[in-house]
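> I need the structure of the sequence given here:
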Amino acid sequence: MNISKSFQIIVYIILIILLVACAPKVDAVPTVDVVSTMAAELAMLMQTQTALAIPPTPVIPTASATLSITETPTISPPTEEVKRNPPYVVTFTACHTGPGEPYKFISNIDPSIRKSGKQVVEILGVGSEPGWVVIRNPYFNNPCWIKETDMEIGAHIILSDYPVMTPGP
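As a prediction, this is how the structure comes out:
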């Protein structure tokens, strides 16, 4: 009999602990939304102010010049828009953290795996060393350096408009 009474007491204690532990937490102090309160006060202030006072005397209209008739503009046919291709990598090339082999190798860019034989890339800048372009690596999405000769860059892309970038250490 003693074992079952002590067992019941242990079960009751465990139930009480579980009930207390599972009770929802209640915040004693509500939080105040300072930004919303300030915005509401500002809106109320703005709505109660007068935008413009009515002038004491009415404004007399002034005479305006008579408009002359102009010719109807002719509509010219739309010009055909030139397709502007993005920059491409066209040669299997290595992508480094700087201009060439002395810098950390990131990946190779292989345009031959594409149906077109060209890998579209995004130019981020021009290298501080002539002949190098900094692109966003199409595989790892990080900047890397490749030779300008391994790319096909359209005439509409002006490399001097891009920032000059120097390699990291």
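
> which residues touch Ile13?
By Cβ atoms under 8 Å, 6 or more residues apart in numbering, the contact list for Ile13 is empty. C-beta: built from backbone N, CA, C; applies to glycine.

> measure it to Lys5 for me?
Distance, Ile13 to Lys5, by Cβ to Cβ, to the nearest Å: 13 Å.

> Can you get me a residue count around Gly127?
Number of residues near Gly127 (other Cβ atoms under 10 Å) recorded here: 20.

> How about Pro111?
21.

> before we move on, what about Thr37?
10.

> you'd agree Asn108 is in a strand?
Yes. Read with DSSP: H, G, I helix; E, B strand; the rest coil, Asn108 is one of the residues of a strand.

> ok now do it, which residues does it touch?
By Cβ under 8 Å, 6+ apart, Asn108 lies in contact with Phe92, Thr93, Ala94, Cys95.

> Looking at these, which are in strands?
Thr93, Ala94, Cys95 (DSSP state E).

> Which pLDDT value belongs to the first one?
Listed pLDDT for Thr93 reads 95.

> how about the helices in the protein?
Along the chain, counting by DSSP state H, helices occupy 2-21, 34-48.

> and the closest residue to Tyr139 other than its chain neighbours, what does it touch?
Distances taken as Cβ to Cβ, 6 or more residues apart in numbering place Ser107 nearest to Tyr139, at 5.4 Å, with adjacent residues excluded. With contact set as Cβ under 8 Å, 6+ apart, Ser107 has these partners: Ala94, Cys95, Asn137, Tyr139, Phe140, Cys144.

> can I assume the fifth one is in contact with Thr97?
Same thing as Phe140. No. Using Cβ atoms under 8 Å as the test, Phe140 is too far from Thr97 to be in contact (11.5 Å).

> All set, thanks.
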